[in-house]
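> Return atomic coordinates for the entry below.
(2 chains)
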Amino acid sequence: MNAIVATVLQRLGLGIVTLFVVSIIISLAIGMLPGDFAKSMLGQAATPETVAAFRKDIGLDRPLSVRYLDWISGVVRGDFGYSLAGAGSLGGSRRPVADLIEPRLANTLFLAAVTAIIAVPLALILGMLAALYRNRLFDRIVNIVTLTSISSPEFFVAYILMLFLAIKLPIFHSLANVSPDTPFFERLGRIALPSLTLILVIVAHMMRMTRAAIINLLASPYIEMARLKGISPPRIIYRHALPNALAPIANVIAINLAYLIVGVVVVEVVFTYPGIGQLMVDAVSKRDLPVVQGCALIFAGTYILLNLIADIVSIVTNPRLLHPR
Amino acid sequence: MTELEYWANQIKKGRISRREFMSRAAALGVTAALATTMLTQAGIGAEPKKGGSAKFGLAQGATTDTMDPGNYLDTGTQVPFWGAMSNSLTEVDAKGNIGGDLAETMEPSDDTKKWIFKLRKGLTFHNGKDVTANDVVASFMHHMGKDSKSAAKSLLESVSDIKADGKETAVFTLAGPNADFPYIVSDYHIPIMPAKDDGTADWDSKVRTGAFVFESWEPGVRAKLKRNPNYHKPGMPYFDDVEFLSITDVAARNNALISGEVHWIGRADLKTLSLLQRNPEVAIIEVTGYGHYVFPMDVNTPPFNNVDVRTALKWAINREDIAKKVFLGHAVPGNDNPIAPTIKYAIDPQPKYVYDPEKAKFHLKKADLPTLKVDLSVADAAFNGCVDAAVLYQEHAKPAGIEINVVREPNDGYWDNAWPKKPWRAGYWNGRPTIDWMLTTVYAKGAAWNETHWDNARFNELLVAARGDTDDKKRAQMYAEMQQLIHDDGGVIVLVFYNYVEAATKKLTHGDIAQNFPVDGLKIAERWWFA
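Numbers count the residues shown, from 1 in each chain, chains lettered A, B, ... in the order given. The predicted model follows:
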């Protein structure tokens, strides 16, 4: 048990350092991009005077280091600052970054959760079945189908699904533009197509890993023993091989879950889903630094947490790691 | 085709108005009842019908959008928050004429140096408060002054003073005469907003005067508005409520229309337009607006400081070819006059620049250059299809002995790094509803956006003279001369005037489509109705 606690503490400590480094890199990167928020908001109408007034108003006239220190000291206290958009000396309400991110993050997590609830068990079952019937017709078909879907760009999969399932056969909605007051079941219906797209994209990776990890173990002596005892092949895979294969599978699942949260901006755009990816892209193109920072911290945090969980799973499922000598 | 059918066809194409059709029909001895029936068959409803919830798929909109009208960047905010929710003092109608909106009358005095706007009687904001001249002053002051961060600041630079004279009259004093001032105040950056106690404009309360009342807004996602029962235009608006969705992906937008998720979409996909046209339930709306794509050159930098080099470059481009291949026919070739043909006082300067390598060679020779090698900086950030157009131009210019080196600039930061700094580059203009406005903004000496740095004494003199003149004939003459000067001597290559291509279900119907802006002059919400 100590091993787990030690790992968790060590990882969390390192995670905080990572987040800190990430935030510095993001600040520097945005600082190096040409133009700033004032210029991108004013576009063609940016005269030097107006830009100067705009910058002064939103505090962009201060050096980057000062703005960064200001922001990071707020974050330590749990205050993510305000978006530069909508800021105004003329009595405008500034939008807190947390308020902007919260509904978007909730949408993204909802889509990720629905997708994961279907995709993870599906991938595990398909992987086990493929291992069971390896090199037979079923295995081949599953491999071909999943590899095809992972090899097509996700926007292509999305458009194909949209064409057949929303336009030719109007079963699903082509727009997934949910709003906070959309009822739960309508929300589920709206995200059917984006979710299906993501399932097709991530299942192959997890399925292949499950299959490979299990096939790898099937050559071990203890599986041979189980087989000699007369245990049926499905039970061997499910009861004896899978628990020992969980560590590598957990790692792959963690990577895919992280992808569901941080990498789905293309699917969001195609289906007009108000997720966090779209928010970050908008913020980057307008140089809205506080919002970019907020999103980046969430993305980095997602990777750190999911990797941590994957590592805990590998420790728990491996007695040698659980009771080290 | 009978005469009557011909006119019915014309109205269908939006070439004549409903009123014009009715009078034509009457002249042909057709009863009003029959004429109305014909109109209904042509899809032009006799009387707009009330009711229904309309959904519009806008091509733009971002999470960084703001409610501050000084920063209404694109249709994502202009259409819902100006076109549907607000009014300016004046309004440009579908025919391009100016009329009062919140203002009932506008009178110039002091040689058009002073303008007096009288508000309509009984105007109220959405919260029931009366609209007064103080609100007008506050709404304009919002864009003016040293600390203004409004995109309309330079537009109002010529306004030296605004005063409220009683409850209903606002008096504008200008730095110099301007006969077109009523057009300036129709700008989408300048809606009338309620004044707060301290005299500043309350833009954040979302209380305005328009046809629709604010309901909810998620920046970059959707805006929902509902009908204003106390709207000052009789009978309007027609929809019960409207919803604007930002659908930035063009394929998603097309699909949303086909699958019935929205009733209208902006910027339809040109590449698949013929497929969309085949859909019997979809109507394509296409108008040539004031917007144009340009290749401006800095006339102070060699070799562009030589007028013969500029003229050679103007003859060496095949605009027809570019309009056909890059814009798939949804654009009208330019003639190096930045004024759209539908704008008042516009002329088509002669000789018309068509592709002629021989003439280009002739001008090169006059400039004492056997060959010419120039860089053209482009990026698709300037306009979609920009790089393709430049590469075609490169091919067109070769037979004339002109070697154009197309330099592809990064899209990101194009307006900061390439556009103001490179001697020859690509750009675009949305156009302005009056000729003076466009010329003052881009071609006058020392103007902030004079991208060619062109400084023509005669032009600058005429510009000031024409601005204050109220004699239509004299103005027309002066503006014709100015356009000719830009055409002959200016540093801009006007590639094409682009079309606004939009699509809607046939369940929606409308009157004439405005040309001053896309989305029916940004006012689709109050001008359209369900058939």
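> Endpoints of stretch B:91-105, how far apart?
The first and last residues of stretch B:91-105 sit 12 Å apart, counting by Cα to Cα, to the nearest Å.
> helices or strands next to the helix or strand where residue A:277 lies in the packing?
Taking DSSP states H and E as the criterion, residue A:277 maps to helix A:276-286. Under the contact criterion of 3 or more Cβ pairs under 8 Å, 6 or more residues apart in numbering or on different chains; DSSP states H and E, helix A:276-286 touches helix A:37-42, helix A:97-132, helix A:265-270, helix A:289-316. Backbone N, C-alpha and C define where each C-beta goes, glycine included.
> Tabulate those helices (CSV), appending distance to chain B and mean neighbour count.
Listed next are the helices and strands packed on helix A:276-286 as CSV, based on distance: least, Cβ to the nearest Cβ, whole Å; neighbours: other Cβ atoms under 10 Å in any protein chain shown:
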stretch, distance to chain B, mean neighbour count
helix A:37-42, 5, 22
helix A:97-132, 7, 20
helix A:265-270, 5, 21
helix A:289-316, 8, 20
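> Same list (those helices) but as JSON lines, adding mean pLDDT.
As requested, the helices and strands packed on helix A:276-286 are exported to JSON lines (pLDDT from 0 to 100):
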{"stretch": "helix A:37-42", "mean pLDDT": "76"}
{"stretch": "helix A:97-132", "mean pLDDT": "91"}
{"stretch": "helix A:265-270", "mean pLDDT": "88"}
{"stretch": "helix A:289-316", "mean pLDDT": "87"}
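> For the helix holding residue A:277, which residues meet the burial criterion?
Within helix A:276-286, the residues scored as buried using 16 or more other Cβ atoms under 10 Å in any protein chain shown are A:276, A:277, A:278, A:279, A:280, A:281, A:282, A:283, A:284, A:286.
> and which of those residues is nearest to residue A:212?
Closest approach to residue A:212 among the buried residues of helix A:276-286 (Cβ to Cβ): residue A:277, at 30.1 Å.
> what sits against that closest one?
By Cβ atoms under 8 Å, 6 or more residues apart in numbering or on different chains, residue A:277 lies in contact with A:108, A:262, A:263, A:264, A:265, A:268.
> quick one: secondary structure of residue 234?
With no chain named, the answer covers chain A. State at residue A:234, reduced to three classes by DSSP: H, G, I helix; E, B strand; the rest coil: helix.
> Spatially nearest residue to it (excluding sequence neighbours)?
Closest residue to residue A:234 apart from its sequence neighbours, by Cβ to Cβ, 6 or more residues apart in numbering or on different chains: residue A:132 at 6.2 Å.
> go on, residue B:382?
residue B:426 is the one closest to residue B:382 (Cβ to Cβ, 6+ apart), at 3.9 Å.
> quick one, what contacts that neighbour?
So residue B:426 contacts B:293, B:294, B:295, B:376, B:377, B:378, B:379, B:382, B:383, B:386, B:389, B:390 (Cβ under 8 Å, 6+ apart).
> which ones among the residues you listed are found in helices?
B:386, B:389, B:390 (DSSP state H).
> quick one: which of those residues is nearest chain A?
residue B:386 (15.0 Å; Cβ to the nearest Cβ).
> Tell me how many other residues surround the closest one.
26 (other Cβ atoms under 10 Å in any protein chain shown).
> Next: residue A:225.
11.
> by contact count, what packs against the helix or strand that contains residue B:437?
Residue B:437 belongs to helix B:435-442 when assigned by DSSP H and E. With contacts defined as 3+ Cβ pairs under 8 Å, 6+ apart, helix B:435-442 has these neighbours: helix B:457-468, helix B:472-489.
> Any stretches of the stretch 1-150 of chain A with poor pLDDT?
Applying pLDDT under 70 to the stretch 1-150 of chain A flags the ranges A:1, A:43-45, A:86-94.
> Point me to the residue of it nearest chain B.
Closest point on the stretch 1-150 of chain A to chain B, by Cβ to the nearest Cβ, is residue A:34, at 3.0 Å.
> tell me the contacts of that residue?
Taking Cβ under 8 Å, 6+ apart, we find residue A:34 in contact with B:412, B:413, B:416, B:417.
> still on that earlier bit, contacting chain A as well, which ones from the ones in helices among the contacts of residue B:426?
Among the ones in helices among the contacts of residue B:426, none lies close to chain A by the criterion of Cβ under 8 Å from any Cβ of the partner chain.
> What count of nearby residues applies to the residue of the stretch 151-300 of chain B found nearest chain A?
Residue nearest to chain A within the stretch 151-300 of chain B (Cβ to the nearest Cβ): residue B:151, separated by 3.5 Å. By the criterion of other Cβ under 10 Å, residue B:151 has 25 neighbours.
> Might you name the residue of chain B sitting closest to chain A?
residue B:413 (3.0 Å).
> so what's that residue up against?
A:33, A:34, A:35.
> And residue B:337, by the same measure?
B:346, B:347, B:348, B:349, B:483, B:486, B:487, B:494.
> Can you turn the buried part of the residues you listed into a ChimeraX selection?
ChimeraX command restricting the contacts of residue B:337 to the buried ones, with burial defined by 16+ other Cβ under 10 Å:
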select /B:346,347,349,483,486,487,494
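> Let's have the contacts of residue B:337 in CSV, adding distance to residue B:205.
What follows is these, written out as CSV (distance: Cβ to Cβ, whole Å):
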residue, distance to residue B:205
B:346, 41
B:347, 46
B:348, 48
B:349, 49
B:483, 44
B:486, 44
B:487, 48
B:494, 42
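> quick one: which two of the contacts of residue B:337 are the most distant?
Maximum distance among the contacts of residue B:337 (Cβ to Cβ): 13.6 Å, for B:347 and B:494.
> chain center to the helix holding residue A:277, what's the gap?
Chain-centre distance of helix A:276-286: 15 Å, with Cα atoms, centre = their mean, to the nearest Å.
> now swap in stretch B:521-531 and tell me
17 Å.
> same deal with stretch B:477-489?
22 Å.
> do stretch B:191-198 as well
27 Å.
> for it, how far is the first residue from the last?
Across stretch B:191-198, first to last residue, Cα to Cα, it's 19 Å.
> Please point out which parts of it sit buried.
B:191, B:192, B:193, B:194, B:195, B:196.
> Secondary structure of residue B:502: a helix, I assume?
No: counting by three-state DSSP, residue B:502 is not part of a helix but strand.
> Show me which helix or strand of chain B is least confident by mean pLDDT.
Least confident element among the helices and strands of chain B, by mean pLDDT, DSSP states H and E: helix B:32-41 (a mean of 64).
> Next secondary structure after it?
strand B:53-58.
> circling back: in TSV, list the contacts of residue B:413 along with secondary structure.
What follows is the contacts of residue B:413, written out as TSV (three-state DSSP):
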residue	secondary structure
A:33	coil
A:34	coil
A:35	coil
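> So which residues on the stretch 101-250 of chain B come close to chain A?
Counting by Cβ under 8 Å from any Cβ, the stretch 101-250 of chain B sits next to chain A at B:142, B:146-154, B:196, B:200-204, B:216, B:218-222, B:245-249.
> Pull out the buried members of the residues you listed.
B:142, B:148-154, B:196, B:200-204, B:218-222, B:245-249.
> In strands only, show me these.
B:218, B:222, B:245, B:246 (DSSP state E).
> Identify the farthest-apart pair in those.
B:218 and B:245 (10.1 Å).
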